[in-house]
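In: A structural model of the following input is requested.
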Amino acid sequence: MDYIFDEEKFNESFNVKPVKEKSADSLRLSHIPDNSFKLFPYKASGKRQAPIVTELEESVSGFFRRALNVESAAIDYDTLCDLLLENLEIDLPDIELFRDIIREFFFDGTDFVATNLGLYPYQTRTNNKSADRLAFFLFCILGIDQSDCDVIKKAADRYSYNVLEQMVVAAINSTALGEKEPEKNYYSVVTCVQEKFKKDFHFMLQTDMTSIEDFSNLLSLYYFYYVSQTSIVLDKFCEGKRDEPISIYYALDWEKVSKNRKCCCEGWEKLQANINHMFSHAITLEIINQHSDSHTMYDYIALQEYINLHPEEDGLISNEIEKAEKVYTSTVGDYKKFDQIKHTQSGSKTNVAIKHLFRCVEEQFLNTDRKRANQFYNEKFSEFCKARWVKNRRKSGLVLNLTERDIIFLTKISLRNKDKIRLNDLYKEYEYRGIFLDNSSKEHLQEFFTKLNLIDKKSDSGDAQYVKRIL
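Out: Just a heads-up that it's a prediction; the model follows:
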């Protein structure tokens, strides 16, 4: 590695204004993440300019478009009917009936709606660009490759379109747009998620769990899993581990919780602090990646991995990061307390330099009018969590939450094709997917399965109790 900070590249990427154009006591740059280092799919803008995605149904079709490399124009009802009629011989009196059939089968108002896996890529897009960015982000960080795309194509073929659907697909493809310019992929900070997602995703593709709702549940689960673990790992800087997930505790929707429970102490409350740092990490990594090699992205762990192999270069890399910090702080003239930020001595010299750069970035966000941009960016994920995974327990505060819908979905993908699973093994399957329950929640979950008559009791021992398949 020949890591050298490139000041000229920094000035261009951050749109730095020279002192002759803006006062040295003003902010002379724009904090723009995702150019040299793509971390999260968020914008530091309000909800009107960059809407928050809380339901992943909006991103399912975009995810499949990426996987199947489909790019078509918006499907208009009248245009589609005209294209179909060009290749059909229909008596004039029956044309209106045919058009009504097309509307009934494929449209909800003016939106083209897919109920068949093979048609998902063609579903009418929302006007929410945030949903498109999120779809691409999920496609990247979940590690979808050509072999996965082949599995999706086979699954779509299994549904063998009826004649009408075949005609619709052919008509849509006749208006296909040219290939999009390739985009820079998002960087996968943690690697403890991808294989797990693929196992569940492939299983669902091979079964009847292929509705928009099913895929939305799956993407929601792994979106939360990846971003929450990434937020935790980023806060460990160079000492983070890509493949050692941290336990995060949930409660069941209907149980009562107290503040001393793990779901309160080791759940949302703990995670929220990590989420609050997301924008500062995005900017810090963007600064670090203003280096001479435009084709390579480095996160904290990658730099530390290199230093572990080449300890003699620790000082050289830390010096370059200190140089980056000086250039950065010199352009943030409206914050005057950078010299009061202490260095924390921990780990390598590079780790110390990165932590100090991060503190400089964060302090100016928290102590200037830019705190709103910081809030806007971080809330893109925290508001999704609150809408989908968090419940207000009043005196106990906000707690990560599993509904009956979540439990049924998780149990289905945990059992796969098995008729039953040991209850204790089911808990492990939940944990495999990042969902931990304390003993009290486990008791409530067992009661839930008992009420549904899904417990096959071999004895009173927890090890000898089985949960039967949920149809």
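
In: looks to me like residue 188 is in a strand.
Out: No - applying DSSP: H, G, I helix; E, B strand; the rest coil, one finds residue 188 to be coil, outside a strand.

In: and the pLDDT at it?
Out: The score at residue 188 is 97. That number is its pLDDT.

In: oh, and call the first residue 899 from now on, that's how I've got it
Out: In the new count, where the first residue is 899, that last one comes out as residue 1086.

In: gap between it and residue 1214?
Out: Distance, residue 1086 to residue 1214, using Cβ to Cβ, to the nearest Å: 27 Å. Every residue, glycine included, has its C-beta placed from N, CA and C.

In: equivalent analysis for residue 1206, please.
Out: 15 Å.

In: so these two - more neighbours on which side?
Out: Comparing residue 1206 with residue 1214 by other Cβ atoms under 10 Å, the one with more neighbours is residue 1214, at 16 against 11.

In: how about the nearest residue to the more buried one, chain neighbours excluded?
Out: Nearest residue to residue 1214 in three dimensions, chain neighbours excluded: residue 901, at 7.5 Å (Cβ to Cβ, 6 or more residues apart in numbering).

In: so who does that neighbour touch?
Out: 1189, 1196, 1201, 1211, 1214-1215, 1218 (Cβ atoms under 8 Å, 6 or more residues apart in numbering).

In: one more time with 10 Å
Out: With contact set as Cβ atoms under 10 Å, 6 or more residues apart in numbering, residue 901 has these partners: 1186-1187, 1189-1191, 1194, 1196, 1201, 1204, 1211, 1214-1215, 1217-1219, 1248.

In: so where do the strands sit in the chain?
Out: Listed in chain order, the strands of the chain (DSSP state E) span 1005-1006, 1009-1010, 1149-1150, 1288-1290, 1296-1300, 1318-1320, 1353-1355, 1363-1366.

In: outside of the last one, which residues touch it?
Out: Put plainly, it is strand 1363-1366. Residues contacting strand 1363-1366 (Cβ under 10 Å, 6+ apart): 1309, 1312-1313, 1316-1324, 1343-1344, 1347-1348, 1350-1357.

In: give me the buried subset of the residues you listed.
Out: When the contacts of strand 1363-1366 are checked for burial by 16 or more other Cβ atoms under 10 Å, the buried set is 1309, 1312-1313, 1318-1321, 1324, 1343-1344, 1347, 1353-1354.

In: from the residues you listed, pick the one nearest residue 1157.
Out: Residue 1157 lies nearest to residue 1343 out of these, by Cβ to Cβ, at 21.1 Å.

In: got a pLDDT number for the closest one?
Out: 97.

In: and residue 1357, by the same measure?
Out: 57.

In: same question for residue 1072.
Out: On the pLDDT scale, residue 1072 gets 68.

In: show me which residues of stretch 1273-1283 are buried.
Out: 1274-1280, 1282-1283.

In: redo these as JSON lines? Include distance to residue 1362 and pLDDT.
Out: JSON lines is the format used below for those (distance: Cβ to Cβ, whole Å; pLDDT from 0 to 100):
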{"residue": "1274", "distance to residue 1362": "52", "pLDDT": "96"}
{"residue": "1275", "distance to residue 1362": "50", "pLDDT": "97"}
{"residue": "1276", "distance to residue 1362": "46", "pLDDT": "97"}
{"residue": "1277", "distance to residue 1362": "46", "pLDDT": "97"}
{"residue": "1278", "distance to residue 1362": "46", "pLDDT": "97"}
{"residue": "1279", "distance to residue 1362": "41", "pLDDT": "98"}
{"residue": "1280", "distance to residue 1362": "42", "pLDDT": "97"}
{"residue": "1282", "distance to residue 1362": "40", "pLDDT": "97"}
{"residue": "1283", "distance to residue 1362": "37", "pLDDT": "97"}
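
In: can you put these in JSON lines and add distance to residue 1262?
Out: Converted to JSON lines, these look like this (distance: Cβ to Cβ, whole Å):
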{"residue": "1274", "distance to residue 1262": "16"}
{"residue": "1275", "distance to residue 1262": "14"}
{"residue": "1276", "distance to residue 1262": "16"}
{"residue": "1277", "distance to residue 1262": "19"}
{"residue": "1278", "distance to residue 1262": "21"}
{"residue": "1279", "distance to residue 1262": "22"}
{"residue": "1280", "distance to residue 1262": "21"}
{"residue": "1282", "distance to residue 1262": "27"}
{"residue": "1283", "distance to residue 1262": "26"}
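
In: ok, the residues you listed vs residue 1031, which is closest?
Out: Distance to residue 1031 across the buried residues of stretch 1273-1283 (Cβ to Cβ) is lowest for residue 1278, with 9.8 Å.

In: which non-adjacent residue is nearest the closest one?
Out: Excluding the flanking residues, the one nearest residue 1278 by Cβ to Cβ, 6+ apart is residue 940, at 4.0 Å.

In: gap between the one you found and residue 1281?
Out: In this view, residue 940 and residue 1281 are 11 Å apart by Cβ to Cβ.

In: find residues that contact each of those two.
Out: Counting by Cβ under 10 Å, 6+ apart, the contacts common to residue 940 and residue 1281 are 950-951.

In: wait, residue 1326 sits on residue 1320?
Out: Yes - in this structure, residue 1326 is within contact of residue 1320 by Cβ atoms under 10 Å, at 8.9 Å.

In: just to revisit the earlier point, just the buried members of the contacts of residue 901?
Out: With burial judged by 16+ other Cβ under 10 Å, the buried subset of the contacts of residue 901 is 1186-1187, 1189, 1196, 1201, 1204, 1211, 1214-1215, 1218-1219, 1248.

In: of those, which is the nearest to residue 1258?
Out: Nearest to residue 1258 out of the buried ones among the contacts of residue 901 is residue 1219 (Cβ to Cβ; 11.1 Å).

In: tell me the spacing between that closest one and residue 1226.
Out: Distance from residue 1219 to residue 1226, counting by Cβ to Cβ: 10 Å.

In: cool, and residue 1056?
Out: Going from residue 1056 to residue 1226 by Cβ to Cβ gives 53 Å.

In: go on, residue 1354?
Out: The gap separating residue 1354 from residue 1226 is 61 Å, by Cβ to Cβ.

In: neighbours around the closest residue to residue 920 other than its chain neighbours, how many?
Out: Nearest non-adjacent residue to residue 920, counting by Cβ to Cβ, 6+ apart: residue 926, 4.8 Å away. Neighbours of residue 926 under the rule other Cβ under 10 Å: 21.

In: who's in contact with the closest residue to residue 1230 other than its chain neighbours?
Out: Closest residue in space to residue 1230, ignoring its immediate chain neighbours: residue 1262 at 5.2 Å, by Cβ to Cβ, 6+ apart. Contact partners of residue 1262, counting by Cβ under 10 Å, 6+ apart, are 925, 929, 1178, 1181, 1226-1227, 1230, 1232-1236, 1239, 1268-1269, 1272.

In: next, count neighbours for residue 904.
Out: Quick note: residue 904 (other Cβ under 10 Å) scores 19 neighbours.
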